[in-house]
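J.: fold the stuff below for me.
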Amino acid sequence: MDFGKALEAIKHGKKAKRKGWNGKEQYVVLAYMQQCITSSGVSINEPEHTEIGSKFLMFVGTSGYQCGWLASQADMLAEDWEVFE
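T.: Numbers count the residues shown, from 1 in each chain. Okay, the predicted model is just below:
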């Protein structure tokens, strides 16, 4: 599938990955800001505070998590996206 369809699947709670990625357990998922610490050190807990746009793409890979993952041009133009079960 293309990136647009993969992104729609991600928005509906699915995990998506590219067939060409080397790691077997790598995928992208929609995540929500759970906690934010302000510049003054104040901690604010706002789970699923979606009205201010706290959703982001998270890449889960063999080395851990990458919050705020950005798709490369190659990722956006690829046709090898699939839902990861």
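
J.: where does the spatially most central residue of the chain fall, secondary structure wise?
T.: Central residue of the chain (CA atoms, centre = their mean): Leu57, 2.3 Å from the mean position. Applying DSSP states H and E as the criterion places Leu57 in strand 55-61.

J.: next SSE downstream of that strand?
T.: With DSSP H and E, the next secondary element past strand 55-61 is strand 64-67.

J.: name the residues of the helix or strand just after that next one that are buried.
T.: Later in the chain than strand 64-67, the nearest helix or strand by DSSP H and E is helix 73-77. Buried residues in helix 73-77, counting neighbours by 16 or more other CB atoms under 10 Å, are found at Asp75. Placement of C-beta: from N, CA and C, glycine included.

J.: tell me the helix or strand right after helix 73-77.
T.: Per DSSP H and E, the first helix or strand lying C-terminal to helix 73-77 is strand 81-84.

J.: what packs against that next one?
T.: On a contact count with 3 or more CB pairs under 8 Å, 6 or more residues apart in numbering; DSSP states H and E, strand 81-84 meets helix 3-11, strand 15-18.

J.: distance from the last one to the middle of the chain?
T.: The reference is to strand 15-18. 9 Å (CA atoms, centre = their mean, to the nearest Å).

J.: and for it, what are the contacting residues?
T.: Strand 15-18 is contacted by residues 6-7, 9-10, 26-29, 60, 75, 78, 80-85 when judged by CB atoms under 8 Å, 6 or more residues apart in numbering.

J.: before we move on, the earlier item: so which of the helices and strands packed on strand 81-84 has the densest surroundings on average?
T.: Sort the helices and strands packed on strand 81-84 by mean neighbour count, taking mean count of other CB atoms under 10 Å, and strand 15-18 sits at the top with a mean of 20.

J.: now the helix or strand that that one is followed by and strand 55-61, what's the angle there?
T.: From strand 15-18 onward toward the C-terminus, using DSSP H and E, the following helix or strand is strand 27-32. Angle of strand 27-32 versus strand 55-61, following axes from the mean of the first three to the mean of the last three CA atoms, to 10 degrees, is 140 degrees.

J.: quick one: contacts of strand 27-32?
T.: Contacts of strand 27-32 (CB under 8 Å, 6+ apart): 6, 10-11, 13, 15-17, 47-50, 54-60, 67, 69, 84.
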